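Asks: what follows is a predicted structure for the sequence shown.
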Amino acid sequence: MTKNGRLSRWLADSQSPLDSAEIRALTEHAGDRSEQSTEAFDAREATRERKQRETVELERQLNRRVHEWSFTSGFRLLRRLYRVLAALTCGGIVFFLLLTVNALPPFGAAENPYNNEVSRRYIEDGLRETGSVNMVTGMILDYRAFDTFGESTVLFTGACAVLLLLKLNDCADGKPTKAWLEAEYDDRHHEPKNDQILQTAARALTPVVLLFGLYVVLNGHLSPGGGFSGGAIMGAGLVLYLNAFGFQNTERFFGYNTFRWTIFLALMTYAGLKSYSFYTGANHLESGVSLGVPGAIFSSGFILPLNICVGLIVMCTMYGFYTLFRKGGL
Amino acid sequence: MNPVMIIALLFLLICAVATSLTRNLLTSVVIFMAYSMLMSIVWILLESPDLAITEAAVGAGVTGVLFFITLKKIHAIQGDEEDDKKR
């Protein structure tokens, strides 16, 4: 790059030689003009001013006419057009969706396409092959574990995107930025209004909600539920606690680093465990993990740790979304 | 069809229409949460409790809270501005 390149000039914040030459020419010309006779100068100025005034008047009239049109007949016309188009679009979409619904096979009929050998295999051999009493969990965390891994990655990516978009940089050079300080002040002073009703309700509800979420996660292979729903319940419990008692209390056990490491380790554990079982399964090796007695809490192989991993990811994502939306930080 | 199911589906329809027709955004979000709650009841009646739990937690819980906080950020909750003026 040359020394007089645009970028280097822009970086050094200096003017280009061309600019300075132009400025000099302009100022010199103006200097010349001031030396001319005053009468001619005044006359020229007067005509120029009159012309300018005429142009402005013309423009104002035109503007007023357009303005009036857009506020009276034009506005009404556009509004009517908008309504007709909106109704037509909605009607068209509803019509085509109903057409598709009409073409669907009846609900629950025996000859429907989803009553095929795949679901028969799940129903008949699911318990023996996965060891999970809850067939849905056995399906999504054993037969279709790769799909669930993709879903967890989607959540992780979503959390990363929200973090990139909404997180305020707190310490660029060891000093908090102005935006961060403002958000912090706003949150600490206006957000927790120390609502007595909310705090009393939260004191009673939060342990129950968190415990129920934990139960749903840990019993995912025995009863309805699993990592996703349990994680959402735990995230909702954390949000409730945060709303009632503010950031000072949640920061003690759930800060940015906790969020980062929990979500990373959970995803990596999931990937590691599933890689192992895919490797052994694809090579027809003994996995060495016993499925245990169906119905016991420590049974069905990897499903329990996988449920815990998914639950942690979902909980962190929900809580992270909330805090990032609220003040741009954890 | 089960009469409870018919009532739930009817209210589901009412909630769906009311969500889009309400002018107040806060009311709209609350009706949307009611919609999710009814939807989770419908999931239970369709014998899929896994989906019902997820729908109740995500639809009625977390989505509503995220909507509330967005409305607060864009100052769409009425009464908020009056509070600000008093300060």
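Replies: Thanks, I have the structure now. Residues are numbered from 1 along each chain as shown, chains lettered A, B, ... in the order given.
Asks: which strand or helix spans residue 68?
Replies: No chain in the question, so chain A it is. If you go by DSSP states H and E, A:Glu68 is part of helix A:38-71.
Asks: could you do chain B instead?
Replies: helix B:63-73.
Asks: show me what that helix packs onto, helices and strands only.
Replies: helix A:303-327, helix B:25-45 (3 or more C-beta pairs under 8 Å, 6 or more residues apart in numbering or on different chains; DSSP states H and E). Bear in mind the C-beta positions are built from the backbone N, C-alpha and C, glycine included.
Asks: chain center to it: distance?
Replies: Offset of helix B:63-73 from its chain centre (C-alpha atoms, centre = their mean, to the nearest Å): 12 Å.
Asks: distance check, A:Ser277 against A:Phe96.
Replies: Distance from A:Ser277 to A:Phe96, counting by C-beta to C-beta, to the nearest Å: 43 Å.
Asks: go on, A:Arg83?
Replies: As for A:Arg83, its distance to A:Phe96 is 21 Å (criterion: C-beta to C-beta).
Asks: same deal with A:Tyr143?
Replies: Separation of A:Tyr143 from A:Phe96 (C-beta to C-beta) stands at 34 Å.
Asks: how many neighbouring residues does the closest residue to B:Leu45 other than its chain neighbours have?
Replies: Closest residue to B:Leu45 apart from its sequence neighbours, by C-beta to C-beta, 6 or more residues apart in numbering or on different chains: B:Met5 at 5.1 Å. Using other C-beta atoms under 10 Å in any protein chain shown, B:Met5 is surrounded by 13 other residues.
Asks: can I assume B:Met5 is in contact with B:Val42?
Replies: Yes - assessed by C-beta atoms under 8 Å, B:Met5 is found in contact with B:Val42 at 7.1 Å.
Asks: contacts only, for A:Thr153.
Replies: A:Leu267 (C-beta atoms under 8 Å, 6 or more residues apart in numbering or on different chains).
Asks: contacts only, for A:Pro305.
Replies: For A:Pro305, the contact set (C-beta under 8 Å, 6+ apart) comprises A:269, A:273.
Asks: same question, A:Gly91
Replies: By C-beta under 8 Å, 6+ apart, the contact list for A:Gly91 is empty.
Asks: which residues touch A:Gly226?
Replies: A:134, A:136-137, A:140-141, A:216-217, A:220, A:307, A:310-311, B:50.
Asks: for chain B, which spans come out with low pLDDT?
Replies: Chain B contains residues with pLDDT under 70 at B:78-87.
Asks: what sits closest to the spatially most central residue of it if chain neighbours are left out?
Replies: Nearest to the mean C-alpha position of chain B, counting by C-alpha atoms, centre = their mean, stands B:Met33 at 1.5 Å. With sequence-adjacent residues excluded and distances taken as C-beta to C-beta, 6+ apart, B:Met33 is closest to B:Gly64, at 4.3 Å.
Asks: my read is that the one you found contacts B:Phe32, right?
Replies: Yes - counting by C-beta under 8 Å, B:Phe32 is a contact partner of B:Gly64 at 7.0 Å.
Asks: in stretch A:135-154, which residues are buried?
Replies: Using 16 or more other C-beta atoms under 10 Å in any protein chain shown as the test for burial, stretch A:135-154 gives A:135-142, A:145, A:148-149, A:151-152.
Asks: same deal with stretch A:161-169?
Replies: Neighbour-count burial for stretch A:161-169 flags A:162-163, A:166-168 (criterion: 16+ other C-beta under 10 Å).
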